[in-house]
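[1] Need a 3D model of the sequence below.
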Amino acid sequence: MADIRVDVDLSHPATRVWRALTEPRLLGQWFGETDMVPRIGSQFQLRPTDMPGFNGPVAARLLEYGEPRRLSMEWRLDRVQTLVVYELEPTDAGSRLTLHQSCFVNQWYDEHREQLEETYEHVLTGRLPAVLDWLAFSEVDLAGPAEPAGAGDAGGVGPVTRRGGARRALPSGPLATLAGKGRAVLAGNRRAVLAGGAVAVALLAAGLVAVVALSGGDDADRSARPAPGSGPYLPAPLASGPGEVTATPTRPPLAASAAPTASPSASPSGSSSARPTAGVPAAVPLQAEFNRLSTAAFGYRGEVTVENPGDTAARWTVTITLTDSGTVGGVTGAEYTQEGRTVTFTGAAAPPGGSARFRFDVTGESVFGPKRPAGCTIDGRPCSGL
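    Numbers count the residues shown, from 1 in each chain. Next up, the predicted model:
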């Protein structure tokens, strides 16, 4: 029976990720409640929250506590006993977390192992990054003096501040933008910012209560709310899977990307040299489906699947129209350009009778937004799923 291995790239330093793996109050936010004690040989329980593959509490024993690089435990659930190892390695952008789980007493059924793999992918790329973002934001020292822009480095998670000689990392993404703006104004009038921040928080809370009250039983609004035990409701970065490279814009936005193309063979840049792989225009029209994977306060994570029903590999162009002044980032599986609200994606040719898939994050949108694109087309034809 194959072991389970999941690799996740995180935009946070290993020391912060280690805290989320070992501190009971943080572990309870993304995995489940626990009475874990950081002592070799100690026994404790893990009570996973809303996680398929776990039918009850996990009896665990701590085998190795190599802060902040390696954590190993013995997990016993029903009749199966497994060895679970977390390993952390620093990267230029933050750190890479590897989960390895193997059975040494009895074995999983294939269906059970697949459930566990999907669960780990979900919590390690969704719940855990949300907790890390919240933890990073809670470490921001708003009362301390700001360093010049760009000074210092905190393992790929943004600029740093100093207080009593300690280096504190600012969070990345929308949280970094909010914190950066607040600190800039603090330099001129600290008291005014603190008062204004309190008023803003009060207004935002009142607005959210009003929206929930007015929404009633609307399914779309309920889907945008966090599930119980899912941790802080904050934007989470999209983590790349094994072998995937997070895409960045590789060419300047062009006017041609501002509107959907009129034919399947059109290129968003006007030149076939911008294509990442070879292919031919589709003889049979391609199809695409949008799927929203998760939501956050200021955006969402989306996925588009391109289906090729033809008998030859086919190039494709997917155009997403945003509903607000959001920004696309964290793209995997495609290259992209953005001009205003229009985002154009291209990627590897879809194989005959097969599919291609890409994911992306949208951040910086209104907290009251619909959490989905206003439009989606593939080679000028509408996508499904909206």
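
[2] Other residues contacting stretch 41-55?
    Identification of contacts with stretch 41-55 by C-beta atoms under 8 Å, 6 or more residues apart in numbering yields 27-28, 31-37, 57-63, 75, 77-78, 112, 115-116, 118-119, 123, 227-230. Where you see a C-beta, it was placed from the backbone N, CA and C, and this is true even at glycine.

[3] redo that, cut-off 7 Å
    Identification of contacts with stretch 41-55 by C-beta atoms under 7 Å, 6 or more residues apart in numbering yields 31-37, 57-62, 77-78, 112, 115-116, 118-119, 123, 227-229.

[4] hmm, which of those residues are the buried ones?
    31-34, 36, 58, 60, 62, 77, 112, 115-116, 119, 123, 229 (16 or more other C-beta atoms under 10 Å).

[5] In strands only, show me these.
    Gly32, Glu33, Thr34, Val58, Ala60, Leu62, Leu77 (DSSP state E).

[6] Same list (those residues) but as CSV, adding pLDDT and distance to Pro129.
    Listed next are those as CSV, based on pLDDT from 0 to 100; distance: C-beta to C-beta, whole Å:
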residue, pLDDT, distance to Pro129
Gly32, 90, 17
Glu33, 92, 20
Thr34, 94, 20
Val58, 94, 22
Ala60, 95, 23
Leu62, 95, 25
Leu77, 84, 25
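
[7] Any chance of JSON lines for those, columns distance to His12?
    Below are those laid out as JSON lines (distance: C-beta to C-beta, whole Å):
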{"residue": "Gly32", "distance to His12": "21"}
{"residue": "Glu33", "distance to His12": "23"}
{"residue": "Thr34", "distance to His12": "21"}
{"residue": "Val58", "distance to His12": "25"}
{"residue": "Ala60", "distance to His12": "24"}
{"residue": "Leu62", "distance to His12": "23"}
{"residue": "Leu77", "distance to His12": "29"}
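
[8] any idea which of these is closest to Pro370?
    Gly32 (31.5 Å; C-beta to C-beta).

[9] Find the nearest non-adjacent residue to the closest one, please.
    Computed as C-beta to C-beta, 6 or more residues apart in numbering, the closest residue to Gly32 that is not its neighbour in sequence is Pro48, at 4.0 Å.

[10] For that neighbour, grab the count of nearby residues.
    When neighbours are counted by other C-beta atoms under 10 Å, Pro48 registers 20.

[11] Also Thr332?
    19.

[12] Quick check: bridge partners of it?
    Assessed by DSSP bridges, Thr332 has beta-bridge partners Thr246, Arg359.

[13] 31 is where my numbering starts, stick with that
    New numbering, starting at 31: the last item is Thr362.

[14] Do I have it right that it meets Phe388?
    Yes: at 6.4 Å, Thr362 counts as touching Phe388 under the criterion of C-beta atoms under 7 Å.

[15] From one end of stretch 88-107 to the other, what's the distance?
    Start-to-end span of stretch 88-107 (C-alpha to C-alpha, to the nearest Å) is 5 Å.

[16] Could you point out which residue ranges in the stretch 31-180 of the chain have low pLDDT?
    For the stretch 31-180 of the chain, the stretches with pLDDT under 70 are 31, 170-180.

[17] residues touching Ala404, list them.
    Contacts of Ala404 by C-beta under 7 Å, 6+ apart are Thr351, Leu352, Thr353.

[18] cool, Gly384 as well?
    So Gly384 contacts Asn338 (C-beta under 7 Å, 6+ apart).

[19] and what of Leu416?
    Phe320, Arg402, Pro403, Cys406.

[20] Out of the residues you listed, list just those in helices.
    Assigned to helices by DSSP state H, none of the contacts of Leu416 qualify.

[21] Quick check: ChimeraX command selecting the buried ones in these.
    To isolate the buried members of the contacts of Leu416 in ChimeraX, using 16+ other C-beta under 10 Å:
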select :320,402,403,406
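
[22] least confident pick among the contacts of Leu416?
    On pLDDT alone, Arg402 ranks lowest of the contacts of Leu416, at 88.

[23] Wait, that residue touches Ser324, no?
    No: taking C-beta under 7 Å as the definition, Arg402 is not a contact partner of Ser324, at 11.7 Å.

[24] Let's see if you can find the most crowded of the contacts of Ala404.
    Leu352 leads the contacts of Ala404 on contacts (other C-beta under 10 Å) with 22 neighbours.

[25] any idea of the pLDDT on the residue lying closest to it once chain neighbours are set aside?
    For Leu352, ignoring the flanking residues on the chain, the nearest one in space by C-beta to C-beta, 6+ apart is Arg371 at 4.4 Å. In the predicted model, Arg371 carries a pLDDT score of 91.

[26] Arg371 and Ile350 touch, don't they?
    No: Arg371 is beyond contact range of Ile350, at 8.9 Å (criterion: C-beta under 7 Å).
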